[in-house]
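Asks: With the input below, show me the fold.
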Amino acid sequence: MRTKQLSDAVAVVSEEQKQVTVEQKAFKRFIDQIIEIDTGQNGQIYFQPKSSAVNSSQSANNSCQKIITIYDETVVNVPRYEAVYDEPLDIHLGAELGEEIRTALTTSQSLTPQLKQAVLQAGKREWDARKQLLQDLNTEHDQLTEAAVSIREIRQGLREIQQLLHRDPSFDELHPVYETLHEYETRTNSWIEEHQHHIQTTSRKHPRSENYAFHEYLYRDCSTQYPLLAAYTSLIAEITTVNGQIARA
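Replies: Next comes the predicted model:
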């Protein structure tokens, strides 16, 4: 049933909104903590360990590990991480910040200002990606909920027309019904055209998927990747059916 498809789609979008919001906040915490790491006098960046037994050389090396730890405690430490990503820390870090940064953090002897800046830029890039994705999700949610109301109104109108047909209406009673059905069809076709344009203009890649566009990724586990388009198409079929019923009346 197309109404259930829409309600299921709203639930999917709502859940994704929550997840992306949590991830965006996690990247903000990650960025803020990386900024707090001080630069040493020799131009290298040091993590100040709690143990006084760690010398400056060890501290410089540990600063790279500290960034990995911060990443683990912020970006990875979000609800449903395993359900959404299901991948080890190093794989996740490389996928988000880039393989070059992952390699540098795991192999470098010290954390240079250049590497710190690269980490910050990558973190900001992923924060921005979540911001854009959240805007797309908010738009998708609004379109789904608004469309559900409009479709419900037209379906109510179709039911009233079918009830009229059961009373064996006269030609004069049927004449305005044809106009109403034509209006329903025109409106729905315009919605289809608008939504097709929306799909084309928001077909940017999802931040964590090179293989799926926005709608394909979002609705990958649903019965259709374009639930709103499917609902509109179904509505056109319902209008056509009622038109046929009138023609046979």
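Asks: low pLDDT regions in this protein?
Replies: Within the chain, the stretches with pLDDT under 70 are 1-2, 39-61, 203-212, 249.
Asks: ok, longest helix in it?
Replies: Longest helix of the chain, by residue count under DSSP state H: helix 113-165.
Asks: same for it, what does it pack against?
Replies: helix 2-35, helix 89-97, helix 99-107, helix 171-201, helix 214-218, helix 227-247 (3 or more C-beta pairs under 8 Å, 6 or more residues apart in numbering; DSSP states H and E). Every residue, glycine included, has its C-beta placed from N, CA and C.
Asks: Out of the ones you listed, which is closest to Ile70?
Replies: Comparison of these against Ile70 by C-beta to C-beta identifies helix 2-35 as nearest, at 4.9 Å.
Asks: Specify the angle between that closest one and helix 227-247 in degrees.
Replies: Computed by axes from the mean of the first three to the mean of the last three C-alpha atoms, to 10 degrees, the angle separating helix 2-35 from helix 227-247 equals 160 degrees.
Asks: Report the angle between helix 2-35 and helix 113-165.
Replies: For helix 2-35 against helix 113-165, the angle by the same axes, to 10 degrees is 160 degrees.
Asks: what comes up buried for helix 2-35?
Replies: In terms of neighbour count (16 or more other C-beta atoms under 10 Å), helix 2-35 has its buried residues at 2, 5-6, 8-10, 12-13, 16-17, 19-20, 23-24, 26-27, 30-31, 33-34.
Asks: what's the domain layout of this protein?
Replies: As assigned by automatic domain parsing, the chain contains the domains 22-128, 130-247.
Asks: Can you give me the end-to-end span of the shortest one?
Replies: Between the opening and closing residues of domain 22-128 lies a distance of 13 Å (C-alpha to C-alpha, to the nearest Å).
Asks: any idea how far that domain is from the chain center?
Replies: 25 Å (C-alpha atoms, centre = their mean, to the nearest Å).
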